[in-house]
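K.L.:
Generate a structure from the sequence data that follows.
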Amino acid sequence: MKRECIWQADAQQRVFRELVEAFSRPGTVRDLTDWLAGTAAQRAVLATLMDGETTLADPHARLGAADWSLLQARRGTTETARYVVADGRRAPDFQPALGTLESPESGATLLIEVAAVGSGPLALELAGPGIDGLGIDGRRELRLDGLHPDWLLCRADWSAGFPLGVDMLLTDATRIVALPRTTRATITGNPLT
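P.N.:
A predicted model of the protein is given here:
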């Protein structure tokens with residue numbers, strides 16, 4: 001039986017490189033189409049990041065039993081897992097791990113699936129480290145479809161005590177975009193249109 005390409009080292013290395021670029025340049029949309037072979041971007045990211053030492057929470061039941069077996073990640077609670085996979089259309093109804101002052105890197109990374117990354121009615125203005133733009137304080141616009149606005153309110157609250165907080169990776173069918181905890185996101189377009 002032939003394995004899907006996302007479970008092969010070459011594809012995972014390429015996806016990992018795109019993840020590094022996404023987190024290095026917050027708000028920049030990265031297209032994974034060339035390495036997906038019909039698989040959803042979120043699933044490819046999970047295949048790349050998970051292993052037997054990683055904890056993963058799935059509060060919205062996004063993953064099937066076969067995926068859990070292949071991922072080999074340890075199931076965690078939303079409050080303690082290093083990674084949380086979620087449906088962006090639903091308002092967040094959990095408290096993720098925010099890290100500690102001694103270990104801020106233990107804050108969760110939220111892998112949130114949305115309808116569209118890079119287009120849609122929800123417009124965000126992003127600012128912070130890694131965002132290029134004109135002037136001293138670079139800014140970038142990011143458009144999304146299918147992200148409940150409460151995610152952004154909760155994200156602001158979760159990351160208010162920097163260096164504590166969460167990092168977000170938003171995915172649609174083929175694209176990803178990162179919002180590290182250092183990125184400020186302000187809603188500038190109506191998410192309800």
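K.L.:
Please make it C-alpha for all contacts and neighbour counts, starting now.
P.N.:
Fine.
K.L.:
Val15: helix or strand, and which one exactly?
P.N.:
Assignment of secondary structure by DSSP states H and E places Val15 within helix 9-24.
K.L.:
Now do Glu18 against Leu122, distance only.
P.N.:
24 Å (CA to CA, to the nearest Å).
K.L.:
ok so, going back, how about residues contacting the helix holding Val15?
P.N.:
Contact with helix 9-24 is made by 5-6, 28-30, 32, 35-36, 44-45, 47-49, 130, 176-180, as judged by CA atoms under 8 Å, 6 or more residues apart in numbering.
K.L.:
give me that answer again for 7 Å
P.N.:
Contact partners of helix 9-24, identified using CA atoms under 7 Å, 6 or more residues apart in numbering, comprise Cys5, Ile6, Thr28, Arg30, Leu32, Trp35, Val45, Thr48, Gly130, Val177, Ala178, Pro180.
K.L.:
okay, that helix in CSV with CA atoms only?
P.N.:
Extracted C-alpha coordinates of helix 9-24, given in CSV (Å, rounded to 0.1, in the frame of the first residue of the first chain):
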residue,chain,number,x,y,z
ALA,A,9,10.2,12.8,4.6
ASP,A,10,10.7,15.0,1.4
ALA,A,11,7.2,16.4,1.6
GLN,A,12,7.5,17.0,5.4
GLN,A,13,10.8,18.8,5.0
ARG,A,14,9.2,21.1,2.4
VAL,A,15,6.2,21.8,4.6
PHE,A,16,8.5,22.4,7.5
ARG,A,17,10.4,25.0,5.5
GLU,A,18,7.1,26.8,4.6
LEU,A,19,6.2,26.8,8.4
VAL,A,20,9.6,28.4,9.2
GLU,A,21,8.9,31.1,6.5
ALA,A,22,5.4,31.6,7.8
PHE,A,23,6.5,32.2,11.4
SER,A,24,9.4,34.4,10.2
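K.L.:
Can you list the buried residues in that helix?
P.N.:
Ala11, Gln12, Arg14, Val15, Phe16, Glu18, Leu19, Glu21, Ala22, Phe23, Ser24 (16 or more other CA atoms under 10 Å).
K.L.:
how about the helices in the chain?
P.N.:
Here the chain has its helices, by DSSP state H, at 9-24, 41-49, 65-71, 150-158.
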